[in-house]
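Q: Sequence below, structure please.
(one chain, ligands or ions: 1)
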Amino acid sequence: MKQQTVAIFGAGITGMICLSVFLCHAVAAQGQVENIKPAEVTNKVYVSQIWDDAILNDLRLIEILKKYKAKATFAVDAGNLTEKRRTNAWPVKGTMFGKVSIDDIKKIYSEFEVASHGLKHKGLPKLSAEEMQREVVESKRLLESWLGRPVKGFVYPGCPYNDAAKEAVRAAGYLWARTCENTPDFCPVTDPMAMRTTVGFNAANFWQEFDRVKAKGGVFTFWGHAFFRTEAEWADIEAKIARLSQDPSVVWVNTSDLFDPAKGFCPPPDAKK
Ligand SMILES: [Zn+2]
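A: Numbers count the residues shown, from 1 in each chain. Next up is the predicted model:
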């Protein structure tokens with residue numbers, strides 16, 4: 001194949017138009033057309049990532065994502081945000097992180113998909129039905145008013161969920177709700193209100209899982225918090241985003257796209273092959 005490609009280019013090929021994943025047409029200057037299957041075209045991997053908690057570190061992460069043209073979904077606890085950025089507002093294992101401002105959501109996060117992470121980051125199962133509804137409904141309303149577009153996803157604050165939480169999220173009009181659980185096979189999605197990701201961003205088997213999905217093609221979705229304390233951690237996440245973006249098999253997608261049957265990333269749950 002390599003020899004064939006070289007020979008065709010040697011004959012005066014001026015361009016290559018890819019009409020499908022599997023087949024490219026090389027167009028010669030003289031108008032002759034050759035069908036070739038380039039060796040570098042592989043199975044597609046549809047990659048989504050979700051970052052939780054709307055912390056100030058997200059802003060540096062967003063610069064990295066933009067540098068590599070990566071899509072991402074940010075899970076925002078709208079009720080914990082104020083007009084101004086707040087430093088030392090979010091304690092995590094002995095380190096204080098800051099929270100972004102409402103203005104950041106309107107101006108900076110608006111270039112990305114935004115999901116609700118509840119109003120006040122309260123674990124839903126412990127709440128009364130009334131409190132639970134307020135967390136899922138009011139957070140959606142606030143985010144939509146700031147962004148001027150529908151908010152389709154929900155991320156369970158602190159991870160726990162139960163049937164009542166799933167029903168509250170569904171009733172509020174969300175398309176999907178993410179848990180903190182993993183699954184080796186994202187598709188088919190049997191319960192969009194209990195979405196599982198492939199892996200956490202800092203999991204030791206991150207690339208092993210990616211390579212496993214890539215071998216057959218499909219969906220690879222990961223999540224995390226930008227709780228980075230050291231430059232080494234920033235270098236690690238930038239290297240991950242760069243490697244994914246530079247992989248020709250990767251197509252970045254918004255998380256909501258995975259739940260849109262029209263996009264076709266997953267077959268319907270009842271599809272039998
Ligand atoms: Zn959280």
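
Q: Low-confidence stretches in the stretch 151-273 of the chain?
A: For the stretch 151-273 of the chain, the stretches flagged by pLDDT under 70 are 267-273.

Q: how about 90 then?
A: Confidence mapping of the stretch 151-273 of the chain against pLDDT under 90 gives the ranges 188-190, 261, 264, 266-273.

Q: For beta bridges, what are the partners of the closest residue to N205 other than its chain neighbours?
A: Distance criterion C-beta to C-beta, 6 or more residues apart in numbering; nearest residue to N205, sequence neighbours excluded, is V199 at 6.7 Å. For the C-beta atoms, the positions are set from N, CA and C on the backbone; glycine is no exception. Here V199 sits in beta bridges with F222, going by DSSP bridges.

Q: neighbours of V199, just the number please.
A: If you count neighbours by other C-beta atoms under 10 Å, V199 ends up with 22.

Q: Next: L127.
A: With other C-beta under 10 Å as criterion, L127 counts 18.

Q: So it sits against K120, correct?
A: No - the criterion here is C-beta atoms under 8 Å, and L127 misses it with K120 at 10.1 Å.

Q: anything in contact with each of these two?
A: Taking C-beta atoms under 8 Å, 6 or more residues apart in numbering as the contact rule, the neighbours common to L127 and K120 are E135.

Q: measure D163 to the ion for me?
A: 21 Å (C-beta to the ion, to the nearest Å).

Q: tell me the contacts of that residue?
A: Counting by C-beta under 8 Å, 6+ apart, D163 has no contacts.

Q: mind listing the strands for the stretch 51-200 of the chain?
A: For the stretch 51-200 of the chain, applying DSSP state E, counting those that start in this stretch gives strands covering 73-76, 86-92, 95-99, 113-116, 153-155, 176-182, 195-197, 199-200.
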